[in-house]
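Asker: have a look at this prediction, sequence included:
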Amino acid sequence: MTENSGGILPGGAHTDFRKEMTYGDYLGLDDLLACQQPLSDQHDEMLFIVIHQTTELWMKLALHELSEAVRSLAAISGTDGDIRPAFKMLARVSRIQSQLIQSWDVLSTLTPADYMKFRDLLGHSSGFQSHQYRMIEFMLGNKNAAMLEPHRDRPEIHDRLEAVLDAPSLYDETIRLLARRGFDIAPECIDRNWRQRYSGHPSVRAAWLEIYRNTETHWDLYELGEELVDLEDWFQQWRFRHVTTVERIIGRKRGTGGTSGVDYLQNALNIRFFVDLWDIRTEL
């Protein structure tokens with residue numbers, strides 16, 4: 001070696017990592033990059049796999065942030081607690097959603113003819129079966145016990161999903177926080193069957209109206225409300241791009257997992273997570 005005989009590049013960068021942790025070691029890149037195993041020899045199947053695998057990674061981070069946001073809101077006893085750490089977590093989930101929306105732009109380069117060359121090899125596998133996506137929906141409040149059924153063959157995943165189904169959602173913990181802050185929230189909103197999807201309540205709407213009409217007095221709660229609306233806004237944009245991308249590629253065919261395809265996805269666009277926060281905008 002005439003150049004870098006000490007294993008150091010110009011500027012001090014090391015080249016001999018035999019006894020050091022490398023970038024690839026830290027990220028487990030050997031395992032990560034070995035996960036893409038197309039079932040066909042079709043060029044475009046790699047795109048399909050990578051998009052869905054990266055989506056699952058982003059959802060893993062979203063769950064990490066949502067779980068901590070829920071925990072932090074639940075831990076606030078009243079006026080002494082600081083809500084602001086949860087803002088960063090919720091804002092981060094919104095930005096994750098923006099990345100997921102952009103991924104549909106890449107997937108939409110897959111033409112119907114491209115996809116049909118390997119679609120039959122997918123069998124009954126479908127994004128409908130993503131337990132991470134279902135967990136996000138449960139945490140955001142779209143509770144539906146029937147959605148546990150596709151996961152009964154994986155008891156450990158089924159149990160994790162059921163635990164989230166049985167726990168207060170992000171918005172449930174927000175409503176309970178409003179009560180601890182002194183707002184007159186109806187008892188049935190504070191302690192209820194968490195398996196049921198929340199559908200709005202006059203006492204919660206009244207609390208948000210007070211907060212939005214007196215933002216300087218309730219600034220942190222007002223900011224929390226806007227973070228929630230921002231999160232749902234991004235989520236709805238993701239859902240919409242999902243619908244348009246699927247229709248662009250397979251039209252009105254049934255989904256590989258047995259759903260009605262585009263019709264099923266379009267129905268999801270009508271679901272609201274934080275219904276009171278949307279309703280009060282008409283009354284302000």
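Answerer: Ah, there it is.
Asker: below-threshold pLDDT in this protein: ranges please.
Answerer: 1-17, 255-260 (pLDDT under 70).
Asker: where along it do the helices fall?
Answerer: Assigned by DSSP state H, the helices in the chain fall at 23-27, 29-32, 45-74, 84-107, 112-116, 131-140, 155-165, 170-180, 187-190, 202-213, 219-250, 262-268, 275-283.
Asker: nearest to Ser125, out of those?
Answerer: Of all the helices of the chain, the one in closest proximity to Ser125, counting by C-beta to C-beta, is helix 45-74 (9.7 Å). From N, CA and C alone the C-beta is placed, and that goes for glycine too.
Asker: nearest residue to Thr54 in space, please, no chain neighbours.
Answerer: Distances taken as C-beta to C-beta, 6 or more residues apart in numbering put Ser103 closest to Thr54, at 6.7 Å, once the chain neighbours are dropped.
Asker: with Leu148 as the reference, measure out to Phe138.
Answerer: Distance, Phe138 to Leu148, using C-beta to C-beta, to the nearest Å: 10 Å.
Asker: anything in contact with each of those two?
Answerer: Common neighbours of Phe138 and Leu148 are listed as Leu161, Leu165 (criterion: C-beta atoms under 8 Å, 6 or more residues apart in numbering).
Asker: the two: which has the busier surroundings?
Answerer: Counting neighbours by other C-beta atoms under 10 Å for Phe138 and for Leu148 shows that Phe138 has the greater number, 26 against 17.
Asker: what sits against the more buried one?
Answerer: Listed by C-beta under 8 Å, 6+ apart, the contact partners of Phe138 are Met147, Leu161, Val164, Leu165, Ser169.
Asker: highest neighbour count among these?
Answerer: Going by other C-beta under 10 Å, Ser169 tops these with 24 neighbours.
Asker: touching, Asp30 and Gly24? I think so.
Answerer: Yes. Asp30 is in contact with Gly24 according to C-beta atoms under 8 Å; the separation is 6.5 Å.
Asker: which of these two has more residues huddled nearby?
Answerer: Under the neighbour definition other C-beta under 10 Å, Asp30 and Gly24 were set side by side, and Gly24 has more, 12 against 9.
Asker: for Ile185, see how far away the more buried one is.
Answerer: Computed with C-beta to C-beta, the distance linking Gly24 and Ile185 is 51 Å.
Asker: kindly report the same for Ala167.
Answerer: Relative to Ile185, Ala167 is positioned 19 Å away (criterion: C-beta to C-beta).
Asker: neighbour count: those two, which is higher?
Answerer: Ile185 (20 against 16).
Asker: just give the closest residue to that one, not the sequence neighbours.
Answerer: Ala179 (4.1 Å).
Asker: ok, now Pro168?
Answerer: Trp194 (5.4 Å).
Asker: got the contact list for that neighbour?
Answerer: Lys143, Leu165, Asp166, Ala167, Pro168, Ser169, Asp172.
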